[in-house]
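**Student:** Below is the structure, and that's it, no one-letter string:
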């Protein structure tokens, strides 16, 4: 179900970070029809993709990859670059939903500590990563990209490890995809999703866990052990 759109040549004047966080709190999120379209609309899907943190799955080969540390994993050192890479055209994905108003909104959320990136680096080059929004104990995954084998997957494992370590209760994936299914992602009706979201928003996780240095072995261990929720 789509909600009314807005046009935001200067989004902070009509729809800013606080309004965007309020949207996440009630279970809707922004998208654009295309990168060059200035309009933004709010989406409330009938079915929601969720990655259950207590049932996260890492395929065997990927476990070996993460433990082998082919990439240096960093957090929040290149948020804008990750955002731009997710918005860039790639073969098979010529257009994306991240337009200029959305980009500015997420940069503002990042400046306020509500949006974060996990990045994979190789020879000082950014080769993969993801970004999302945190509110209470809910983390809303927005987009990911990869320029090297398994880079976005490695970033996802590191994200889940940090969410579990810090006590988050919900990882929202927006939509279920084949890519996310291999990690245990499931589809749930929006009404059920809102019942998961409400208690997650009341949690107070340790945000320092998002930027905590982890080895590949530690990331696999934390990602696969039961979630410890903060109060």
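**Tutor:** Structure's in. What do you need? Just so it is clear, the structure is predicted and the values come from calculations on it, not from any experiment.
**Student:** Please count neighbours and contacts with C-alpha atoms only from this point.
**Tutor:** OK.
**Student:** and the residue nearest to residue 213 when sequence neighbours are not counted, helix, strand or coil?
**Tutor:** Leaving aside its sequence neighbours, residue 213 sits nearest to residue 74 (C-alpha to C-alpha, 6 or more residues apart in numbering; 7.7 Å). For residue 74, the secondary-structure state derived from DSSP: H, G, I helix; E, B strand; the rest coil is strand.
**Student:** What is the burial count for residue 74?
**Tutor:** Other residues near residue 74 number 20, with proximity taken as other C-alpha atoms under 10 Å.
**Student:** just the one 5 residues further on next, same as before
**Tutor:** Other residues within reach of residue 79, judged by other C-alpha under 10 Å, total 22.
**Student:** And the one 5 residues further on, by the same measure?
**Tutor:** Using other C-alpha under 10 Å, residue 84 has 14 other residues around it.
**Student:** Adjust the sequence numbering to begin at 41 for everything that follows.
**Tutor:** Sure, I'll start counting at 41 from here, so that last one is residue 124.
**Student:** Confirm for me that the residue nearest to residue 253 is in contact with residue 251.
**Tutor:** Yes: with contacts counted by C-alpha atoms under 8 Å, residue 114 reaches residue 251, the gap being 7.4 Å.
**Student:** Select the longest helix from this protein.
**Tutor:** helix 191-206 (DSSP state H).
**Student:** And the contacts of the helix or strand that comes right after that helix?
**Tutor:** Downstream of helix 191-206, the first helix or strand assigned by DSSP states H and E is strand 210-214. When contacts are defined by C-alpha atoms under 8 Å, 6 or more residues apart in numbering, strand 210-214 is touched by residues 85, 88-93, 177-182, 236-237, 240.
**Student:** picking up where we left off before, pLDDT at the residue nearest to residue 253, what is it?
**Tutor:** If you check residue 114, the pLDDT there is 97.
**Student:** partners of it in the sheet?
**Tutor:** residue 159 (DSSP bridges).
**Student:** so who does it touch?
**Tutor:** Counting by C-alpha under 8 Å, 6+ apart, residue 114 has contacts 158, 159, 160, 161, 251, 253.
**Student:** Let's see that with 7 Å instead.
**Tutor:** Applying C-alpha atoms under 7 Å, 6 or more residues apart in numbering, we find residue 114 in contact with 158, 159, 160.
**Student:** Residue 246 now?
**Tutor:** 206, 207.
**Student:** Need the phi and psi values for it.
**Tutor:** As for residue 246, its main-chain torsions (degrees, to the nearest 10) stand at phi -90, psi 100.
**Student:** For residue 255, see how far away the spatially most central residue of the chain is.
**Tutor:** Centroid-nearest residue in the chain: residue 181, 2.1 Å away (criterion: C-alpha atoms, centre = their mean). From residue 181 over to residue 255 the distance is 22 Å, taken as C-alpha to C-alpha, to the nearest Å.
**Student:** Equivalent analysis for residue 244, please.
**Tutor:** For residue 244 relative to residue 255 (C-alpha to C-alpha), the value is 25 Å.
**Student:** helices or strands up against the top strand by length along the chain?
**Tutor:** Longest strand of the chain, by residue count under DSSP state E: strand 165-175. Secondary-structure packing of strand 165-175 (3 or more C-alpha pairs under 7 Å, 6 or more residues apart in numbering; DSSP states H and E): strand 155-162, strand 178-186, helix 191-206.
**Student:** Out of the ones you listed, flag the one nearest residue 228.
**Tutor:** Set against residue 228 and scored by C-alpha to C-alpha, these come closest in strand 178-186, at 15.0 Å.
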